[in-house]
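# Give me a model of this one.
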Amino acid sequence: MKLSAQQIDSIERQLGAEPIAEDNPAMDTLKNQFGDHTFYADTEGLSVLEPLGTDSGSQRATVVQVAAWADDQKTALVPHDPLVRDIVVDLDSERPQG
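Numbering: from 1, shown residues only. Reported below is the predicted structural model:
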């Protein structure tokens with residue numbers, strides 16, 4: 001899921017997460033491997049957001065990890081089957097859900 005600037009701001013407020021910049025040299029490789037998404041890297045690996053639908057007019061999404069770090073230095077990612085994490089966000093809100 002490609003997020004709008006407003007949605008990115010909402011994620012940052014809720015989770016403190018910042019996306020990988022569009023001008024990052026790795027972005028072309030990430031898009032070729034995983035599709036056109038807004039990507040987030042954290043201590044666990046690489047994640048994207050996938051929509052859950054709307055609830056009372058607000059759009060919700062869940063965090064899905066698509067790759068893990070290959071080593072402790074976090075210099076390479078290893079793709080794996082999508083892993084839905086227990087994090088649900090309201091893309092129009094400031095509070096995490098669930």
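# Chain neighbours aside, what residue packs nearest to V48?
Spatial nearest neighbour of V48, chain neighbours left out: H37 (4.1 Å); criterion: Cβ to Cβ, 6 or more residues apart in numbering. C-beta: built from backbone N, CA, C; applies to glycine.
# Show me the helices in the chain, by range?
Ranges of helices in the chain, per DSSP state H, are 5-15, 27-34.
# so which of these gets nearest D86?
helix 5-15 (12.6 Å; Cβ to Cβ).
# re the thing from before, lowest average confidence across the helices of the chain, which one?
Looking at the helices of the chain, the lowest mean pLDDT belongs to helix 5-15 (a mean of 91).
# where's the lengthiest strand in the chain relative to the chain centroid, distance-wise?
Of all segments of type strand in the chain, defined using DSSP state E, the longest is strand 77-90. Centroid separation between strand 77-90 and its chain, computed with Cα atoms, centre = their mean, to the nearest Å, is 8 Å.
# Report the mean confidence score over that strand.
94.
# quick one, it and helix 27-34 angle?
With axes from the mean of the first three to the mean of the last three Cα atoms, to 10 degrees defining the directions, strand 77-90 sits at 80 degrees from helix 27-34.
# what are the pairing partners of strand 77-90, and which direction each?
strand 58-69 (antiparallel), strand 96-97 (antiparallel) (DSSP bridges).
# right, so of the ones you listed, which gets closest to V88?
strand 96-97 (4.3 Å).
# circling back to that earlier point, tell me which of the helices of the chain sits most buried.
The highest mean neighbour count among the helices of the chain, using mean count of other Cβ atoms under 10 Å, belongs to helix 5-15: a mean of 15.
# Alpha carbons only: can I get that one in PDB?
The C-alpha trace of helix 5-15 is given here as PDB (Å, rounded to 0.1, in the frame of the first residue of the first chain):
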ATOM      1  CA  ALA A   5       1.700  12.300   3.100                       C
ATOM      2  CA  GLN A   6      -1.200  12.600   5.500                       C
ATOM      3  CA  GLN A   7      -1.200   8.900   6.200                       C
ATOM      4  CA  ILE A   8       2.600   8.900   6.700                       C
ATOM      5  CA  ASP A   9       2.200  11.700   9.200                       C
ATOM      6  CA  SER A  10      -0.500   9.700  11.000                       C
ATOM      7  CA  ILE A  11       1.700   6.600  11.200                       C
ATOM      8  CA  GLU A  12       4.600   8.600  12.500                       C
ATOM      9  CA  ARG A  13       2.300  10.100  15.300                       C
ATOM     10  CA  GLN A  14       0.900   6.700  16.200                       C
ATOM     11  CA  LEU A  15       4.000   4.500  16.000                       C
END
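# If anything else comes up later, I'll come back, but that's it for now.
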